[in-house]
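Chemist: return a 3D structure for these sequence lines:
(3 chains)
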Amino acid sequence: MAHYVPPKQGKASQLFDVIVLVVLTVGALFVPLWLGMAGAAKTVAAPVTEPTWEALGQNAAQAAKYEALGYTPESAHDLILARFDYSFSAGALLTMIAVILLYYFLILRFSEMEYREVISEKFGE
Amino acid sequence: MDLWNWLEYGAWGLSALLGLHMLVDWLKTDSTYSEDVLTSSREGELEAMAEEHKAH
Amino acid sequence: MADVDITSQTMDGMGPHGTKVGLLRVLGPAHVWALGVGIVLVGEYMGWNFAVGKGGAYAALIACWFAGILYSCVAMIDSEVTSTVASAGGQYTQAKHIIGPLMAFNVGLYLVFAYTMLEAANAITAGYLFSVVAQMTGHAGDLDQRPFIILVIMFLAWLNYRGVLATLTFNLVITAIAFCAIIILFLSTSGVLGGGIMEHAALFEGHELPYGWIGVLAAMHFGLWYYLGIEGTTQAAEEVRSPARSLPFGTLAGIMTLLIAATLTWFMCSGVLPWEYLGDGVNGSVAPLFDTARLSGSTGLLWLLGFGTLFATLASANGCINDASRAWFAMGRDKYLPGWFGAVHPRYRTPYRSIVFLVPIALIFALGAPLDQVITFSILSGLLGYTFMPLNIILFRRKWPLDTIKRGYEHPFHPIPAITLLAICSITFFAVFLGYGTQLVAMIGFYIVVSLWFHFWRYRFVNRGAQFTMPWPKPRGY
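Modeler: As a prediction, this is how the structure comes out:
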């Protein structure tokens, strides 16, 4: 089998490839942030109007620790009551599973094609 | 201006200095050596050396 | 003229493939340990406590141990493969030889992003630490953290630029100090020596499992943080004197160190800090071990853990720069990325262009994104990498059964570790999905796009047969 001879890549093209990668990377992290879609925002579901340690569900030992850390019931209110929302729809879960499976299917498939070519060139037909 | 303000300036300065040093050395290296020498590293030398050793 | 001082060196880097300047083989098993543990130990000083926030204190402990199982599998599998594939690039090179080029490209990117994001997270933490110390020493107003964040990244990049031996010796020293700080804090607060300050029962009362059992699942997400990065030991393969022995030894010693440190850390922090505070790593406890020392009332412990935290973040960022640049370099050398990155500094013998290039990338993330997002980005890349490993070992054993290649280390009970690893990875994907689903999809979307980019554009610049460099027989089934 004829050996594949890769083309030489010029400086400008190399630079362009790097820029593409950087843009994609930065995009993957910042686009969800900019769109405000980044999850994980904790919210306070049921605020307590006049917070005391008892009302916040803290026993004496817990309250003592908060005071040692420099908190008052008012300043600790959000910290203590904020919770994640773990409810999710089956659709979202299925989408995630489908995306992950698609991804692995894609790379394993393409990898195998490329790998066969590598092996046949390396070890001869 | 207290100590920490000075430290802030110090940190800016030192960062710039280290960055500059890397940059200068990088440019110097690139202009002193040819690209072929710099990118001559190949994967799997140890394995190849061990093989060659056996062959001799 | 350029060759003169290079040829005066020993055989190192003077391989028969035409290598004129290669990486320098100078490291021993202790450096491998320091690289592995150094990267990870910061996970005990910060970050793991988000697991408490996602499920409560008990959930964080369960996650700690399940993640421990996951990483024990990772360490065993990695040790076996890497004891035969000793090359900079680590899992990237493994994937290239065992699964195929596109997988390798993806794995290389996982490595670079997992480490660069971790490096950014470390720099953020170090900056925060400086601001706390400034406040404690009576600085009026808020400290500008940016110069310190930049300084951390610049200094460590500079150290990496100047040579691997000094870099990892530095890591060995500061990692050892940071580990000792955890042990000393444990001895002096748990009641082993003198009076203890642990109040687990009272602090857990009423908050045993605040989210119920789904919280335990969700906590797995940040449970990885206790150990994330231990697999980076393989990146040093081209710079270790006897990789087939040092790498498995350093890696397995590393995971044992971390299992101890993680459990002790959980014990101390959950016994002193209320879970809501402990679990909020942004508004609450950024550095939980440091906060534990604060509540111990001892100034000595406070300084010890302050320095412990700083050293842990430095060691980790340092190791990350080392690993990310090796992976980037290895991909450049194979033309997976522009070949320009495959350069080695003729005097310092480091992949200097990769090191310098990754500095601004780390800075963008350290200065521009919140800590938990950066950590999630890092964890996701790591997780994708761990999902690759079971596939890797199963195919490795199938294509090259035990009697065809001599391995420096053979992991026991195959394929149980591979299947366990795959199962725990699936659970962790679900855990990330709870609360951070958008990032997960964005991240995978990113990898799909770059995969297509690689397959249809970038791969044309890659030599086909020549990238298979191991002196192995032809794989079975081809």
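
Chemist: contacts only, for the residue nearest to residue C:82 when sequence neighbours are not counted.
Modeler: Nearest non-adjacent residue to residue C:82, counting by Cβ to Cβ, 6 or more residues apart in numbering or on different chains: residue C:234, 4.3 Å away. In this view, the C-beta of every residue, glycine as well, is placed from N, C-alpha and C. Contact partners of residue C:234, counting by Cβ atoms under 8 Å, 6 or more residues apart in numbering or on different chains, are C:78, C:82, C:90, C:91, C:94, C:247, C:251.

Chemist: whatever residue of chain B ends up closest to chain A: neighbouring residues, count only.
Modeler: Closest residue of chain B to chain A, Cβ to the nearest Cβ: residue B:35 (10.4 Å). Residue B:35 has 11 neighbours, counted by other Cβ atoms under 10 Å in any protein chain shown.

Chemist: mind naming the longest helix for chain A?
Modeler: The single longest helix within chain A, with elements called by DSSP state H, is helix A:90-123.

Chemist: avg pLDDT for it?
Modeler: Averaged over helix A:90-123, pLDDT sits at 93.

Chemist: what is the nearest of the contacts of residue C:234 to residue C:32?
Modeler: residue C:247 (6.0 Å; Cβ to Cβ).

Chemist: doesn't that closest one fall inside a strand?
Modeler: No: per DSSP: H, G, I helix; E, B strand; the rest coil, residue C:247 lies outside any strand segment and is helix.

Chemist: make sure it is actually in contact with residue C:32.
Modeler: Yes: Residue C:247 is in contact with residue C:32 according to Cβ atoms under 8 Å; the separation is 6.0 Å.

Chemist: could you count how many residues lie near residue B:11?
Modeler: Around residue B:11 there are 23 residues (other Cβ under 10 Å).

Chemist: now swap in residue C:201 and tell me
Modeler: 9.

Chemist: which element, helix or strand, includes it?
Modeler: Secondary structure from DSSP states H and E places residue C:201 in helix C:200-204.

Chemist: ok, the closest residue to residue C:216 other than its chain neighbours - contacts?
Modeler: Nearest-residue entry for residue C:216: residue C:59, 4.3 Å, with adjacent residues in sequence omitted and distances by Cβ to Cβ, 6+ apart. When contacts are counted by Cβ under 8 Å, 6+ apart, residue C:59 touches C:51, C:52, C:209, C:211, C:215, C:216, C:218, C:219.

Chemist: would CSV of the residues you listed with pLDDT be doable?
Modeler: As requested, these are exported to CSV (pLDDT from 0 to 100):
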residue, pLDDT
C:51, 93
C:52, 94
C:209, 91
C:211, 92
C:215, 92
C:216, 93
C:218, 91
C:219, 93
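
Chemist: can you pull the residues of the stretch 251-400 of chain C lying near chain A?
Modeler: C:272-274, C:276-277, C:280, C:283-284, C:291, C:294-295, C:335, C:337-340, C:357, C:361, C:364-365, C:368-369, C:372-374, C:376-377, C:387, C:391 (Cβ under 8 Å from any Cβ of the partner chain).

Chemist: can you say which of those are buried?
Modeler: C:272-274, C:276-277, C:280, C:284, C:291, C:294-295, C:335, C:337-340, C:357, C:361, C:364-365, C:369, C:372-374, C:376-377, C:387, C:391 (16 or more other Cβ atoms under 10 Å in any protein chain shown).

Chemist: so which of the residues of the stretch 251-400 of chain C next to chain A are also by chain B?
Modeler: Residues shared between those and the neighbourhood of chain B are C:339, C:340 [Cβ under 8 Å from any Cβ].

Chemist: return the subset of the residues of the stretch 251-400 of chain C next to chain A lying in helices.
Modeler: Judged by DSSP H, those include C:276-277, C:291, C:294-295, C:357, C:361, C:364-365, C:368, C:372-374, C:376-377, C:387, C:391 as members of helices.

Chemist: and the contacts of residue C:59 as a markdown table, adding neighbour count?
Modeler: Listed next are the contacts of residue C:59 as a markdown table, based on neighbours: other Cβ atoms under 10 Å in any protein chain shown:
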| residue | neighbour count |
| --- | --- |
| C:51 | 33 |
| C:52 | 33 |
| C:209 | 16 |
| C:211 | 19 |
| C:215 | 26 |
| C:216 | 23 |
| C:218 | 27 |
| C:219 | 31 |
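
Chemist: in a helix, the residue nearest to residue C:216, correct?
Modeler: Yes: counting by three-state DSSP, residue C:59 is part of a helix.

Chemist: and the residue of chain A closest to chain C?
Modeler: residue A:111 (2.9 Å).

Chemist: could you check how far the nearest residue to that residue once chain neighbours are set aside is from residue C:415?
Modeler: Excluding its sequence neighbours, the residue lying closest to residue A:111 (Cβ to Cβ, 6+ apart) is residue C:100, at 2.9 Å. Distance of residue C:100 to residue C:415, computed by Cβ to Cβ, to the nearest Å: 20 Å.
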